[in-house]
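[1] Give me a 3D structure for the following:
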Amino acid sequence: MSRWRPPQPKSAPYITPEGYQALEMELKALWDRRKEVTLALSAAAAEGDRSENAEYIYRKKELRGIDRRIHYLQRRLPSLNIVSETPADQDRIFFSAWVTLENEDGEEITYRIVGADELDPKKNYISLDSPLARALLKKTIDDEVVIKNALKESRYIVVDIGYKKPAGN
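    A predicted model of the protein is given here:
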């Protein structure tokens, strides 16, 4: 029996066209992977005693994980709103904006505000639901943004806003 966890708050249903395409490709790849795992599971099951069959136990666990992700994607994809148009007021920060911020130390960092399903720290993609993104929405260049958490307070200045991928990223 698993431990009860409160339900997660609903994430914003917005996604970029690239993010939606990536999720569709992931779903297709999962179906292909599921076929392979099912074949391996059948072969492991044919070996006999399943209680001590490590291959069988591993493949069942892997299949459950694949099925869980497929189920999530099948429920999530139809509910997403693909945002492909840039906003009329490109001087303000909205969904899918590339935002360059300067921190208190004078260091600059560029983030892109994307949907929760596209979150990728390696690419500096931050979720629309994150505290930083929520604080940035509707700001303009030279606005100050303050993010407070239990440990510290961070201040940023908006240096640049764009809706096309910057050359350095």
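
[2] Show me the domain layout of this structure.
    14-81, 85-162 (automatic domain parsing).

[3] Return the most buried member of these.
    The highest mean neighbour count among these, using mean count of other C-beta atoms under 10 Å, belongs to domain 85-162: a mean of 15. For every residue, glycine as well, the C-beta is placed using N, CA and C.

[4] what pLDDT, on average, does that domain get?
    Throughout domain 85-162, pLDDT has a mean value of 93.

[5] how far does that domain stretch from start to finish?
    End-to-end span of domain 85-162 (C-alpha to C-alpha, to the nearest Å): 13 Å.

[6] Now do the strands for the chain: every range, in order, please.
    Along the chain, counting by DSSP state E, strands occupy 14-15, 81-82, 98-102, 108-114, 125-127, 144-148, 153-162.

[7] To Leu73, which of those lies closest?
    When the strands of the chain are compared by C-beta to C-beta, strand 14-15 sits nearest Leu73, at 12.0 Å.

[8] what packs against that closest one?
    strand 81-82 (3 or more C-beta pairs under 8 Å, 6 or more residues apart in numbering; DSSP states H and E).

[9] Direction included, what does the strand it packs on pair up with?
    strand 14-15 (parallel) (DSSP bridges).

[10] hang on, the earlier thing: output the domains of the chain in TSV, with distance to Gln8 appended to each entry.
    As requested, the domains of the chain are exported to TSV (distance: least, C-beta to C-beta, whole Å):
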stretch	distance to Gln8
domain 14-81	12
domain 85-162	10
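
[11] Minimum distance to Pro7: which of these has it?
    Using C-beta to C-beta, the nearest of the domains of the chain to Pro7 is domain 14-81, at 13.8 Å.

[12] before we move on, the earlier item: and the strands of the chain as TSV, adding distance to Asp49?
    Output for these, formatted as TSV (distance: least, C-beta to C-beta, whole Å):
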stretch	distance to Asp49
strand 14-15	46
strand 81-82	50
strand 98-102	57
strand 108-114	48
strand 125-127	46
strand 144-148	56
strand 153-162	57
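
[13] Looking at the ones you listed, which is nearest to Gln74?
    Gln74 lies closest, by C-beta to C-beta, to one member of those: strand 14-15, at 15.3 Å.

[14] any idea of the mean pLDDT in that closest one?
    On average, strand 14-15 scores 94.

[15] starting at the chain centroid, how far to that strand?
    Distance, stretch centre to chain centre, for strand 14-15: 10 Å (C-alpha atoms, centre = their mean, to the nearest Å).
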